[in-house]
Structure formats: C-alpha cells, structure tokens
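Asks: Sequence isn't available, so here's the structure alone:
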C-alpha cells in the first residue's frame, strides 16, 4: 500500500473526526488536556514554552496558555518566517497580544522582528498533530514547517531543548505509521486522557 495514500487518507479521516466534535466536547477535552500538562514535570520545570492557536479542529491549548502565564512562564506562539516562509520563528505572547492572520488564516502575534526567537531558545515546544503512534511519529498537516524548524535536533548526540510534545485528542493515537527520515520524533504526547512518553524504536 502506498505510504502517501495511507497518510492522505489518515489525515482526511482524523481531521474530519476532530472537526465533528461539539463545542462542549472540545471544551471538556481542552480542560482535561490542561490538567494532564499541568501535572507533568516537564511543564513545571520549563520556563519558556511554545504553544499554538487551535485551527481546523485541533485540541485547544488555551487552558495551558492561561496556566503558564499564572505561573510566570514565558509563552511563545509560532510565526511563519518573514523571509523564506518555509519555517517557524516564535513570538512572545499573552492573552491580549495583538494578532493578525498569516497566509493560511492562522492568527500570529504582531511583534517586531527583533522580538522573535528560534526553537533552540525554547524549553518545551507543544505542537499540534493529526495522528501519533507509540514510537513518537507525528502526522501533521503536511506542510513540514515544524520538521524544518526542528531539523537541527537530528544533528545532536543527546536530546536537548526544545523538548517536543504533541497535543491531541486521545482518538488521534494509532498503532503505528510510517515515518520519513526528516520527521522530528516527539518526546511525549499529552491528550485529554493521558500523558504518553514515547518509546524509541
């Protein structure tokens, strides 16, 4: 079976399933996710964290955002590179940060270029996903922005920051899926039901 066809179908099915959730189901899952993350040691010890604005039915990390600010953490949101548009930088954000839509219609903080930081400066990077498996393989939306922005991790002998943690609904967990050589594996995944530490294969 063709790998690209597999991923395309999987992406279509799981995106449709998360978009079909009711507002009440999404809010319940977001609060449960927030509890899973708040109880994790990685969240507690991290000072700089990156999140995302939920889009296309993605699980909403707003509860994590609010908790991080209460604890005095620095929160960042992804911003498309303003030059090559092929990778991500990260902008400081609060709940009242002015936003503008990028070319995909996703809100980004309006900040000057000198305020942006690279992924290397972040302690834990919480990323959205469409599907994940126990080996830490992540299926995203297909743009490859996170993989390109985190490609430097493959050159390291030991895992250092940022720790990359997926956020998802628990139904997005699948038994296994094929991975490409450029895919950046997840250190963990937090869902509305559990915190999964990934098992390397």
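Replies: Done, it's in. Quantities reported herein were computed from a predicted structural model and do not represent experimental measurements.
Asks: helix, strand or coil for the residue positioned nearest the centre of the chain?
Replies: Nearest to the mean C-alpha position of the chain, counting by C-alpha atoms, centre = their mean, stands residue 127 at 0.6 Å. For residue 127, the secondary structure call by DSSP: H, G, I helix; E, B strand; the rest coil comes out as strand.
Asks: What separation do you get for it and residue 194?
Replies: Using C-beta to C-beta, to the nearest Å, we find residue 127 at a distance of 17 Å from residue 194. To be clear about C-beta, it is placed using only N, CA and C from the backbone, and glycine gets the same treatment.
Asks: Now the element after the helix or strand of the chain with the lowest mean pLDDT, going C-ward?
Replies: When the helices and strands of the chain are scored by mean pLDDT, DSSP states H and E, helix 3-19 comes last with a mean of 83. Counting by DSSP states H and E, the element after helix 3-19 in chain order, helix or strand, is helix 23-38.
Asks: buried residues in whatever helix or strand comes next after that following helix?
Replies: Counting by DSSP H and E, the element after helix 23-38 in chain order, helix or strand, is helix 41-45. Neighbour counts using 16 or more other C-beta atoms under 10 Å place 42-43 of helix 41-45 among the buried residues.
Asks: wait, residue 120 sits on residue 150?
Replies: No. Counting by C-beta atoms under 8 Å, residue 120 sits too far from residue 150 to count as a contact (9.3 Å).
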